[in-house]
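Engineer: coordinates only, no sequence provided:
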């Protein structure tokens, strides 16, 4: 079985969305399957294999191919349509030789996927990152974009091969809408990174926040907590968001005379983030606001970054955070700065407690690697070929 993963954004697009697609597609190749990633071309003049190493911190593999497609829209189509066309063409060509499993998170590709699924050698899977098929949780009034997404999901999700949910609670909700559809619930994956010196990590006394810089992600909470942590000799680094977000955080810190204790860096290549965390991260933060979306529908990528590095994480006590961290997490009430600071200092000031937290973190990281996810998705995809995989004679 060959894998094709399709993402409409550009190669090297900042933020987690493309990075997760690259890791997803690469993970299938890392367990021995032939895997293709179809994606927007991105910056001109860059070598894809070198980008994998220097930007995504992944090793090129002979069975992993990245197809960087020039964006080109038509009179009535967006510039993503060229990527979808290229992906569909590749899938047809590969299906003439053997079975193909197609994965995407692009709602604009669902219509094509229903047609692809009619081919005996093609199975199509949609990775969900929200809940549009049932808008009741969003209140009474809905913007046109959400209504359109709801209509598309209801029309097409029951006609493709399967749904990939990123939380168990998400899977429950989609099964209420599509009770006969094949589903699987898997968190996104961790990287198997080398173990660091535990005491050196603890003595670094640096708290990391990774991700978008808006309220529901807990940024305002951590900004306030960082001031209190600084009084105890603890640095805080914010990694993510845009330059304007980083400027705002740095300016606020400087106004309080804490510029050396609070740093903010806009979205960087994943390789740069990994290097920074490997060098000085002591603790990670997943203090999400307790909203319906955060509670049930998100897989916090930041938690996966911390697990990958063996960095103990402090998180809000909500289902989505617990599903990723399990026994590795330190769980706290939403918005309780004093409890957060106390828990952070307990770990940083107690070598035995910190070492135990690191051990639990590394154990959890090995359970949900990208490779384990790829194995589970491969089994799930193979099960959707009725009568077994079809191979041309």
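Structural biologist: Noted; the coordinates are in hand. None of these values were measured; they are calculated from a predicted model.
Engineer: quick check: which ranges of the protein have low pLDDT?
Structural biologist: 215, 217, 387-393 (pLDDT under 70).
Engineer: report the longest helix in it, please.
Structural biologist: Counting by DSSP state H, the longest helix found in the chain is helix 351-367.
Engineer: and the contacts of that one?
Structural biologist: 190, 192, 195, 198-199, 201-202, 306-308, 310-313, 325-328, 330, 346-348 (C-beta atoms under 8 Å, 6 or more residues apart in numbering). From N, CA and C alone the C-beta is placed, and that goes for glycine too.
Engineer: surely residue 66 touches residue 11?
Structural biologist: Yes: using C-beta atoms under 8 Å, residue 66 is in contact with residue 11, at 7.2 Å.
Engineer: any residues in contact with both of the two?
Structural biologist: Common contacts of residue 66 and residue 11, defined by C-beta under 8 Å, 6+ apart, comprise 39, 48.
Engineer: in stretch 164-177, what counts as buried?
Structural biologist: 164, 165, 166, 167, 169, 170, 171, 173, 174 (16 or more other C-beta atoms under 10 Å).
Engineer: what about the residues you listed, which are in helices?
Structural biologist: Short answer: the buried residues of stretch 164-177 in helices (DSSP H) are 169, 170, 171, 173, 174.
Engineer: any idea which helix or strand comes after the longest helix of the chain?
Structural biologist: helix 370-383 (DSSP states H and E).
Engineer: which residues does that next one contact?
Structural biologist: Outside helix 370-383, the residues that touch it by C-beta under 8 Å, 6+ apart are 1, 23-24, 26-28, 30-31, 33, 101, 103, 123, 125, 161-162, 164, 182, 184, 186-192, 389.
Engineer: report the angle between the axes of it and helix 351-367?
Structural biologist: 30 degrees (axes from the mean of the first three to the mean of the last three C-alpha atoms, to 10 degrees).
Engineer: quick check: buried residues in helix 370-383?
Structural biologist: Applying 16+ other C-beta under 10 Å to helix 370-383 flags 370, 371, 372, 373, 374, 377, 378, 380, 381 as buried.
Engineer: quick one, which of the contacts of helix 370-383 are buried?
Structural biologist: Taking 16+ other C-beta under 10 Å as the criterion, what is buried in these is 1, 23-24, 26-28, 30-31, 33, 101, 103, 123, 125, 161-162, 164, 182, 184, 186-191.
Engineer: the helices in the stretch 101-250 of the chain, which residues?
Structural biologist: 110-116, 144-156, 168-177, 198-204, 219-230, 243-255 (DSSP state H, counting those that start in this stretch).
Engineer: any chance of TSV for those, columns distance to residue 300?
Structural biologist: TSV is the format used below for the helices of the stretch 101-250 of the chain (distance: least, C-beta to C-beta, whole Å):
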stretch	distance to residue 300
helix 110-116	26
helix 144-156	22
helix 168-177	13
helix 198-204	21
helix 219-230	13
helix 243-255	18
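Engineer: which one of those helices lies closest to residue 130?
Structural biologist: helix 144-156 (7.8 Å; C-beta to C-beta).
Engineer: touching that closest one from outside, list them.
Structural biologist: Contacts of helix 144-156 (C-beta under 8 Å, 6+ apart): 107, 110-111, 113-114, 130, 132-135, 138, 142, 177.
Engineer: what's the longest strand along the chain packed up against?
Structural biologist: What stands out as the longest strand in the chain, according to DSSP state E, is strand 2-10. In terms of contacts (3 or more C-beta pairs under 8 Å, 6 or more residues apart in numbering; DSSP states H and E), strand 2-10 is packed against helix 16-30, strand 35-40, helix 81-95, strand 100-104.
Engineer: most neighbours per residue, which of those?
Structural biologist: Most buried of the helices and strands packed on strand 2-10 by mean neighbour count (mean count of other C-beta atoms under 10 Å) is strand 100-104; its value is a mean of 26.
Engineer: so which elements touch the host helix or strand of residue 275?
Structural biologist: Element membership for residue 275, per DSSP H and E: helix 270-280. Under the contact criterion of 3+ C-beta pairs under 8 Å, 6+ apart, helix 270-280 touches strand 206-210, strand 235-239, helix 301-308.
Engineer: can you report how many residues neighbour residue 239?
Structural biologist: 23 (other C-beta atoms under 10 Å).
Engineer: show me the beta-bridge partners of it.
Structural biologist: residue 210, residue 265 (DSSP bridges).
Engineer: isn't it right up against residue 207?
Structural biologist: No: the pair residue 239 / residue 207 is not scored as a contact, 11.3 Å apart, by C-beta under 8 Å.
Engineer: separation between the residue nearest to residue 201 when sequence neighbours are not counted and residue 348?
Structural biologist: Once flanking residues are discounted, residue 201 sits nearest to residue 282: 5.4 Å by C-beta to C-beta, 6 or more residues apart in numbering. Distance, residue 282 to residue 348, using C-beta to C-beta, to the nearest Å: 6 Å.
Engineer: what of residue 153?
Structural biologist: As for residue 153, its distance to residue 348 is 45 Å (criterion: C-beta to C-beta).
Engineer: do the same with residue 109
Structural biologist: The value you get for residue 109 to residue 348, if C-beta to C-beta is used, is 46 Å.
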